[in-house]
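A.B. asks: Give me the fold of what follows.
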Amino acid sequence: MATTELTLDCSDIDQYLGKPIESSPVREVLGNNDIRRWAQAMHYPNLLHYDPKYAAESRWGKLVAPQSLPIIIDDGHGSAPGCVGKIPNSHLLFGGDEWWFYPVQVYGGDTLSNERIPFDYVVKQTGFAGPTCFQRGDNFYRNQHGQLIAKQRSTAIRYLAHAGAQNTNMDDAEETEWTDAEIAELETRKFEWIQMMHDLGHGKRYWDDVNAGDQLPPRVFGPHTVASFATEWRSYLFSVWGTLDRREINLEDFGFSPEMAGHENDPVMERINPELTDGAYYGASRGHLFPRWARTIGMPRAYGYGASMGAWITDYFAGWAGEWGMVVHSAANYRGPALSGDITVMTGTVLGKTIDEEGRHIVQVDCRMANQKGGVQATAKAEIQLPKR
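C.D. replies: Numbering: from 1, shown residues only. Prediction:
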């Protein structure tokens with residue numbers, strides 16, 4: 001049967017829209033090593049986030065978390081409010097994220113929480129899986145003082161399981177082979193962006209000196225591997241046994257096919273046999289690390305996490321802005337996966353600058369994220385606040 005003839009039953013979603021859903025609170029305070037682990041897993045070597053001596057000399061006076069960090073506390077990478085309601089026999093991919101950031105820093109010793117509210121959904125026909133539900137939900141991340149750190153509007157893509165599997169592009173099943181010389185060249189290219197952060201140091205990137213058409217330095221990382229994806233996975237606190245007071249959850253209640261549901265995030269099974277609750281090995285997340293299960297949901301081989309792609313974008317903008325700048329808003333669309341064996345090349349352009357209604361000096365920028373073949377992984381636009389001379 002052609003995918004255009006399929007139907008997708010989304011009627012169960014309506015009852016959840018606009019109503020807060022249950023969260024899974026973090027049991028302990030955030031540690032400096034949680035911050036360091038996140039920065040390392042996201043390939044973000046900004047000294048502010050892992051080196052205590054450098055951080056002590058900064059405007060913050062101590063180690064501070066990246067703006068991208070709050071998502072680590074959520075039990076679904078931020079997608080939970082975009083995955084409510086049962087869609088029978090369905091799978092899920094991440095479609096994009098919109099972020100609003102507020103001038104509240106996160107430090108070791110803070111306790112973070114997340115309020116989650118489903119927002120809306122729409123069903124469209126796609127070449128990938130026929131009828132596809134684009135479902136959005138909001139996450140409100142706060143600290144122990146109730147201060148709003150960030151708001152995330154996450155888009156989940158939900159589609160029929162067999163429709164995605166039958167459209168897996170097996171022509172892309174083999175990883176790119178990189179020679180030693182090519183790897184060495186990549187390391188040189190990677191360091192150019194790191195050197196940019198070193199050169200700026202604790203200094204200020206002034207709004208006055210930035211102009212439309214300016215190019216942001218390229219950021220290169222990879223090649224991605226199952227090992228690097230596993231490192232990313234373990235930096236999300238929910239992936240570690242016992243870190244959350246987990247809500248009662250059964251992924252089959254959302255319509256996940258039995259082989260992709262399992263006991264991921266199941267608080268009862270975590271006390272009985274936590275191996276079975278680990279999404280790295282079983283359940284909905286194992287497609288990221290195992291090609292067999294990746295192909296079940298429409299990916300040709302192991303692939304990275306959508307939430308990590310969003311963090312790469314936030315970090316790209318924040319690293320360029322420096323410690324005196326701040327990403328205030330971004331909107332990203334995830335267009336294709338970061339597959340094992342591929343690299344990621346991030347480029348950006350200054351689109352313009354303005355003074356907003358709050359008197360902040362804002363620079364508008366875009367970002368394109370692509371692999372070594374030019375295949376687009378994500379696109380984004382953002383507003384960045386910079387200091388004025």
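A.B. asks: contacts and neighbour counts: CA atoms only from here.
C.D. replies: Noted.
A.B. asks: immediately after the strand or helix carrying Q364, which helix or strand?
C.D. replies: Assigned by DSSP states H and E, Q364 belongs to strand 361-370. Next in sequence after strand 361-370, counting helices and strands by DSSP H and E, comes strand 376-385.
A.B. asks: Could you list every helix and strand in contact with that next one?
C.D. replies: Where contact means 3 or more C-alpha pairs under 8 Å, 6 or more residues apart in numbering; DSSP states H and E, strand 376-385 is packed against helix 306-321, strand 326-334, strand 361-370.
A.B. asks: hey, where'd the helices end up in the stretch 151-300 of the chain?
C.D. replies: Secondary structure of the stretch 151-300 of the chain, counting by DSSP state H, counting those that start in this stretch: helices at 161-165, 180-200, 226-235, 258-261, 267-272, 291-296.
A.B. asks: I'd like to know how many residues surround N333.
C.D. replies: Using other C-alpha atoms under 10 Å, the number of residues around N333 comes to 19.
A.B. asks: mind checking how far it is from C133?
C.D. replies: N333 sits 15 Å away from C133, taking C-alpha to C-alpha, to the nearest Å as the criterion.
A.B. asks: ditto for E182
C.D. replies: Per C-alpha to C-alpha, E182 is found 40 Å from C133.
A.B. asks: do the same with L48
C.D. replies: For L48, the distance to C133 equals 40 Å [C-alpha to C-alpha].
A.B. asks: More neighbours: those two, which one.
C.D. replies: The residue with more neighbours, out of L48 and C133, is L48; 27 against 23, by other C-alpha under 10 Å.
A.B. asks: quick one: contacts for N371?
C.D. replies: N371 sits next to A338, D342, I343, T344, V345, Q377 when contact means C-alpha atoms under 8 Å, 6 or more residues apart in numbering.
A.B. asks: how about 7 Å then?
C.D. replies: Residues near N371 by C-alpha atoms under 7 Å, 6 or more residues apart in numbering: D342, I343, T344, V345, Q377.
A.B. asks: Then K388?
C.D. replies: Taking C-alpha under 7 Å, 6+ apart as the test, what K388 contacts is Y206, W207, D208, H361.
A.B. asks: Now list the buried members of those.
C.D. replies: Buried members of the contacts of K388, scored by 16 or more other C-alpha atoms under 10 Å, are Y206, W207, H361.
A.B. asks: pLDDT and distance to A321 added to those, as JSON lines?
C.D. replies: Formatted as JSON lines, these follow (pLDDT from 0 to 100; distance: C-alpha to C-alpha, whole Å):
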{"residue": "Y206", "pLDDT": "98", "distance to A321": "9"}
{"residue": "W207", "pLDDT": "98", "distance to A321": "10"}
{"residue": "H361", "pLDDT": "98", "distance to A321": "12"}
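A.B. asks: Give me the most central residue, the protein.
C.D. replies: Central residue of the chain (C-alpha atoms, centre = their mean): A307, 1.7 Å from the mean position.
A.B. asks: Not counting residues beside it along the chain, what's closest to that residue?
C.D. replies: Closest residue to A307 in three dimensions, ignoring its sequence neighbours and counting by C-alpha to C-alpha, 6 or more residues apart in numbering: H77, at 5.8 Å.
A.B. asks: Present the helices and strands packed on strand 376-385 as TSV; the columns should include distance to S285.
C.D. replies: Supplementary listing: these in TSV, determined by distance: least, C-alpha to C-alpha, whole Å:
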stretch	distance to S285
helix 306-321	11
strand 326-334	17
strand 361-370	23
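A.B. asks: Out of the ones you listed, which gets nearest to P25?
C.D. replies: helix 306-321 (19.0 Å; C-alpha to C-alpha).
A.B. asks: Check which helices and strands that closest one sits against.
C.D. replies: If you count contacts as 3 or more C-alpha pairs under 7 Å, 6 or more residues apart in numbering; DSSP states H and E, helix 306-321 packs onto strand 326-334.
A.B. asks: Run the angle between the strand it packs on and strand 361-370 for me.
C.D. replies: 30 degrees (axes from the mean of the first three to the mean of the last three C-alpha atoms, to 10 degrees).
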